[in-house]
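Asker: Below: sequence and its predicted model.
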Amino acid sequence: MKSLSDLTNRPTCVSPNRTMEKREAESGEAHLTFPARREKASAAFGHHTIDVREVAFDIDGVVADTMALFVTLARERFHLNFLTKDHLTCYDLHLCVPAARDVVDELICLTLDDEHTPLIPAMPDAVEVLTELARCGPLRFVTARIWPESMVAWLERNLPEVPRERIQVIATGDPDAKLEVLQRMNVRYFLEDRLETCHMLAKDGIQPLLFDQPWNRQWSPFPRIVAWRQFRDLIALPHGREP
Ligand SMILES: [Mg+2]
């Protein structure tokens, strides 16, 4: 998957107060998978560090473990008890979830709707690291979801020690629209799980940091972040100050 919000072939979902339009399928996407490259990002990055003021974050699949909820719902609602996140080896879930197309469509809709979004768990250590980084300035999130409200509420609930004015969320409604938003924000580094988005950003000068997930384990030239603690080790804070 992708951050569920920008799934290719996403079905039309009708939830209590919103409708998500189906997107056109992306062409030419490779779905072959290879063993994850788990090199240290710091090694791939040389001795570079990241100024915390120059980084922004995707949400689904990076901060929020959105596909963990997808798997839970698949087991509870459709008795797909064998399913784990490791089965989700491609962004288009229809190609890697062994279930009928309408079942996958319904699961995607359930996972993204307002009722279930609050149930998404945070990625391990994301809360601790983001809380620490927020002491140095606002946390900037750019999501391809169409509406920001449910994720703003999710972030505020999961980051209770971060002042609300330090949580900034922009919903682009389209993964390709992230580039312009990030450029306007003077972002140099973006933590993202969707490989296609990483390639798109890199072409225009934004350094992607690929957050490791089963659906992005093709080879790529981008530093792979396998854990939030590893990401934290790359961060330099203003004036050499540790938060
Ligand atoms: Mg994502």
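Answerer: Perfect, I can see it now.
Asker: my guess is Asn81 contacts Val71, does it?
Answerer: No. Counting by Cβ atoms under 8 Å, Asn81 stays clear of Val71, with 10.2 Å between them. To be clear about C-beta, it is placed using only N, CA and C from the backbone, and glycine gets the same treatment.
Asker: Please identify which of the two sits among more neighbours.
Answerer: The residue with more neighbours, out of Asn81 and Val71, is Val71; 20 against 9, by other Cβ atoms under 10 Å.
Asker: ok, which residues in the chain are in contact with the ion?
Answerer: Within the chain, the residues that sit near the ion (Cβ under 5 Å from the ion) are 3, 58, 60-61, 193.
Asker: Show me the strands in the chain, by range?
Answerer: Remark: strands assigned in the chain by DSSP state E are 13-15, 18-20, 50-51, 55-57, 139-143, 167-171, 189-192, 207-211, 224-225, 235-236.
Asker: ok so, going back, pull the most distant pair out of the residues of the chain next to the ion.
Answerer: For those, the maximum inter-member distance is 7.6 Å, found between Asp60 and Asp193 (Cβ to Cβ).
Asker: about what we covered before: and the residues of the chain next to the ion, which is closest to the ion?
Answerer: Using Cβ to the ion, Ser3 comes nearest to the ion of the residues of the chain next to the ion, at 2.5 Å.
Asker: Now do the closest one, the pLDDT please.
Answerer: According to the prediction, Ser3 has pLDDT 41.
Asker: ok, back up a step: which of the residues of the chain next to the ion lies closest to Val152?
Answerer: Asp60 (13.5 Å).
Asker: Can you give the domain ranges for this structure?
Answerer: Under the assignment automatic domain parsing, the domains of the chain span 35-65+121-240, 66-118.
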